[in-house]
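*Asks:* following is a predicted model, sequence given first.
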Amino acid sequence: MFSGKVFGALAGAAVLALSATTAVAQPKDKIKIGFIYVGPVGDHGWSYQHDQGRQAIEKAFPGKVTTTFVESVPEADSERAIEQLARTGHDLIFTTSFGFMEPTLKVAKKYPNIKFEHATGFKRNPNLSTYAAKFHEGRYIIGQIAGKMTKSNTIGYVGAFPIPEVIAGINAFYLGAQSVNPSVKIKIVFANTWYDPAKEGDAAKALLDQGVDMLAQHTDSPAPIQAAEARGKFGFGQASDMERFAPKAQLTAIIDDWSQYYVARAKAVLDGTWKSEDTWGGLASNMVVMAPYKNMPDDVKKLAQDTEAAIKAGTLNPFKCPVIGQDGKEIECKGKGALADEQVLGMNFYVKGIEDKIPQ
Amino acid sequence: MTVFEAILLTIVTASTPLLIAALGELVTERSGVLNLGVEGMMAMGAACSFAAAVTFDSTLLGVAAGMLAGALMAALFALLVLGFAANQTGSGLALTILGLGLSGLIGAPFVGARRDPIAPIDLPGLSDIPVIGRLFFEQDLFVYASIALTILVAIYLVRTRSGLTLRSIGENHTSANALGLPVRQVRFWAILFGGACAGLAGAYLALVYTRFWSPGMTAGRGWIALALVVFAAWRPGWVLVGAYIFGAATVLQLHAQAAQFGVPSQVLSAVPYLATIIALLLLSIRHGRAIGAPGSLGAPFVPDR
């Protein structure tokens, strides 16, 4: 009797202990993963690339993982969409735009057993990771290409909004150009939209009409590079390889490749090893990939490849100190030999040589 | 080509889809029907025109498909508001949502396809005139069609008996009905015309303006066309002025940014809206009398039996 009771109590404790550990890390046979996209999957850019990552997960774990996605979710109305995924049995949810940050955090706190991943944000929780890519590494390379190849000595940039991510991209692009061509000038136009093909195209045309012959873009559709193609000028693809839209104009493209990261995170949930983390991958971790270098002379191609290799090896940082601001003063160097990550993520100044002002 | 010429050419391209869509909506509204589905019909026009143009490798068939798609969407709207006397605001909004969704579905297989630019019509001699030559005599067919359409709509509304009938139905459908005018029949054709125009505007967007299809590429132009009709006080000529002011302000603010005038881009982005409203308000004040909407605009019509 007595021993039976003790055994029972021990067994109960063991079960408790077991269940306590499984709540933390529990390998799963089958999981469901949901994605929230800010634009349409067919934007050929940002959301399209995230969806490529989703498809990579499906391919990597046939039969084990099912995925769903909701596209064109307005940032203001995203909480409903995220919660809908949380309620319908998803184990892991990716929200893929900066504007989804607060809603994701709110829903994550409400559903502690579901894992969340938010792109380009900075708010984390025990069940909420963040991830982003160092696109500015690619922009430094295309800046060098533009600086070498420009004949009018004026390069152009179509931006979406004057937010830190875009500003850092413009600075990296210009610093790259300046490193090979100190007297190069840059013209910047903000379309004030991420996605309006016609308007993005008009912004590009305005730059081209004003003497720009190398066009970089940080908006989501292929309209700007297509405008460059139509005028016989050059440009760079954004987010995805846009060669099919501009076979003669595209020199290279900065491709966001989320597949490796997404597959790794899905595997972590399957294995029960998922932890809340902050990932900021770049060229070295293949989160940022350069499309083939084309339509350029061999020496420029060589330069681009060398720069790419140097950034990958860690011997070159686009924001290596000293970084000089527009007022000619040196920006305080908070990182090791280069600006610290948070300085890049919160960038709100133009570097010396850019004659425009950041719209406030 | 000088910068000045280039700017003017871009302005024409930016204004044309707004003008075409607004003219269609103007005729619909003059008959007393408010169709808020312009954005959806435009998106359908863009998707179907692009799909047809790529499939049959023909711009002409693309344009026809775009107009047909817009007209079919409008026919659905007509069935609701004329057949069932449904609420026009609600039906129009539903049409926009339906159009945006359906266009994404139809266009999905054509995402990533590309069309070559259509050649502008070159009038030898005339297009060599400096500055205005290229502006007036070397545009694509759509641009000439949109100007011709403005004139035809103006003549139709003011100078023809049929136009008078349409306007009187729009002003007071009960009286018009009592006089024996075919209210629903006229409105049906007016709605269909509006749909075909929105579809044509969408075709222009996909085949000339951007030359590719992607979901949601109309990006609110249907709503701007709707607003233009109101601010132009339901007059075709003023719609033309409004569309061009809007197009000009949109393009010029981009140029102002590139030229580094130092005005914040957010402010410049608001300029097209402000400029259009102010200009059309000034026009209506100069006109010296109150300009109202068609009397029966938006009211459901149920004939007595």
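*Replies:* Thanks, I have it. Residues are numbered from 1 along each chain as shown, chains lettered A, B, ... in the order given.

*Asks:* can you tell me what sits against stretch A:310-320?
*Replies:* Residues from elsewhere that reach stretch A:310-320 (Cβ atoms under 8 Å, 6 or more residues apart in numbering or on different chains): A:136-137, A:139-141, A:171-172, A:175-176, A:282-284, A:307, A:337-339, A:343-344. The way it works is simple: take the backbone N, C-alpha and C, and place the C-beta from them, glycine included.

*Asks:* start and end of that stretch, how far apart?
*Replies:* Criterion Cα to Cα, to the nearest Å; first-to-last residue distance in stretch A:310-320 is 13 Å.

*Asks:* likewise for stretch B:28-45?
*Replies:* End-to-end distance of stretch B:28-45 (Cα to Cα): 17 Å.

*Asks:* for it, give the mean pLDDT please.
*Replies:* Stretch B:28-45 shows a mean pLDDT of 96.

*Asks:* rewinding a little: which of the contacts of stretch A:310-320 are buried? Put it as a ChimeraX command.
*Replies:* Buried residues within those, by 16 or more other Cβ atoms under 10 Å in any protein chain shown, are selected in ChimeraX with:
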select /A:136,137,139,140,141,171,172,175,176,282,283,307,338,339,343,344
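
*Asks:* contacts with chain B among the contacts of stretch A:310-320, please.
*Replies:* Contacts with chain B within the contacts of stretch A:310-320, counted by Cβ under 8 Å from any Cβ of the partner chain: none were found.

*Asks:* just the contacts of stretch A:310-320: which are in helices?
*Replies:* Among the contacts of stretch A:310-320, the residues falling in helices (DSSP state H) are A:136, A:137, A:139, A:140, A:141, A:171, A:172, A:175, A:176, A:307, A:343, A:344.

*Asks:* and which of those residues is nearest chain B?
*Replies:* Set against chain B, the nearest of the ones in helices among the contacts of stretch A:310-320 by Cβ to the nearest Cβ is residue A:171 (16.4 Å).

*Asks:* now the residue of the stretch 51-200 of chain B found nearest chain A: how far from residue A:229?
*Replies:* Using Cβ to the nearest Cβ, the single residue of the stretch 51-200 of chain B nearest to chain A is residue B:111, 3.8 Å away. From residue B:111 over to residue A:229 the distance is 18 Å, taken as Cβ to Cβ, to the nearest Å.

*Asks:* what about those two, which has more around it?
*Replies:* Comparing residue B:111 with residue A:229 by other Cβ atoms under 10 Å in any protein chain shown, the one with more neighbours is residue A:229, at 21 against 18.

*Asks:* packing partners of the one helix or strand that one maps to?
*Replies:* Using DSSP states H and E, residue A:229 sits in helix A:223-230. Packed against helix A:223-230 by the contact rule (3 or more Cβ pairs under 8 Å, 6 or more residues apart in numbering or on different chains; DSSP states H and E) you find helix A:197-209, strand A:214-218, strand A:234-239.

*Asks:* dump those into JSON lines; add mean pLDDT and mean neighbour count as well.
*Replies:* Formatted as JSON lines, the helices and strands packed on helix A:223-230 follow (pLDDT from 0 to 100; neighbours: other Cβ atoms under 10 Å in any protein chain shown):
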{"stretch": "helix A:197-209", "mean pLDDT": "93", "mean neighbour count": "27"}
{"stretch": "strand A:214-218", "mean pLDDT": "95", "mean neighbour count": "30"}
{"stretch": "strand A:234-239", "mean pLDDT": "94", "mean neighbour count": "28"}
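
*Asks:* ok, which of those comes nearest chain B?
*Replies:* Smallest distance to chain B across these (Cβ to the nearest Cβ): 3.9 Å, for helix A:197-209.

*Asks:* quick one: the closest one to strand A:214-218, angle?
*Replies:* With axes from the mean of the first three to the mean of the last three Cα atoms, to 10 degrees defining the directions, helix A:197-209 sits at 150 degrees from strand A:214-218.

*Asks:* name the helices or strands packed onto the one helix or strand residue B:5 maps to?
*Replies:* If you go by DSSP H and E, residue B:5 is part of helix B:3-30. Applying 3+ Cβ pairs under 8 Å, 6+ apart, one finds that helix B:3-30 contacts helix A:197-209, helix B:38-56, helix B:132-137, helix B:141-159, helix B:161-171, helix B:183-204, helix B:221-231, helix B:236-258.

*Asks:* and the pLDDT at residue B:60?
*Replies:* If you check residue B:60, the pLDDT there is 91.

*Asks:* the residue of the stretch 251-360 of chain A found nearest chain B - nearest residue in space that isn't next to it in sequence?
*Replies:* Chain B sits closest to residue A:359 of the stretch 251-360 of chain A, with a gap of 3.8 Å, by Cβ to the nearest Cβ. In space, and not counting its chain neighbours, residue A:359 is closest to residue B:264: 3.8 Å by Cβ to Cβ, 6 or more residues apart in numbering or on different chains.

*Asks:* can you report how many residues lie near the one you found?
*Replies:* Residue B:264, neighbours per other Cβ under 10 Å, totals 15.

*Asks:* just to revisit the earlier point, and the helices and strands packed on helix B:3-30: which comes nearest residue B:105?
*Replies:* Of all the helices and strands packed on helix B:3-30, it is helix B:38-56 that lies closest to residue B:105, at 8.4 Å by Cβ to Cβ.

*Asks:* next secondary structure element downstream of the one helix or strand residue B:73 maps to?
*Replies:* Using DSSP H and E, residue B:73 sits in helix B:59-78. Per DSSP H and E, helix B:59-78 leads on to helix B:88-107 as the next helix or strand towards the C-terminus.

*Asks:* quick one: that next one near chain A?
*Replies:* Yes: using Cβ under 8 Å from any Cβ, helix B:88-107 reaches chain A at B:104, B:107.

*Asks:* so which residues of the stretch 51-200 of chain A form strands?
*Replies:* A:65-70, A:92-95, A:115-119, A:128-133, A:154-159, A:185-190 (DSSP state E, counting those that start in this stretch).

*Asks:* nearest to chain B, out of those?
*Replies:* Nearest to chain B, of all the strands of the stretch 51-200 of chain A, is strand A:185-190, at 4.0 Å by Cβ to the nearest Cβ.

*Asks:* okay, the angle between that closest one and strand A:154-159?
*Replies:* Between strand A:185-190 and strand A:154-159, the angle comes out at 20 degrees (the same axes, to 10 degrees).

*Asks:* show me what strand A:185-190 is packed against.
*Replies:* Using 3+ Cβ pairs under 8 Å, 6+ apart: strand A:185-190 touches strand A:154-159, helix A:164-180, helix A:197-209, helix B:236-258, helix B:265-286.

*Asks:* pLDDT of that strand, averaged?
*Replies:* 95.

*Asks:* before we move on, what about stretch B:139-149?
*Replies:* The average of the pLDDT scores along stretch B:139-149 is 88.

*Asks:* so where is chain B shaky, pLDDT-wise?
*Replies:* B:1, B:117-138, B:286-291, B:304-305 (pLDDT under 70).

*Asks:* residues from it in reach of chain A?
*Replies:* By the rule Cβ under 8 Å from any Cβ, the part of chain B lying against chain A is B:3, B:6-7, B:10, B:14, B:104, B:107-108, B:111-112, B:114, B:117, B:205, B:209-212, B:214-217, B:219-221, B:250-251, B:254-255, B:257-260, B:262, B:264-267, B:269.
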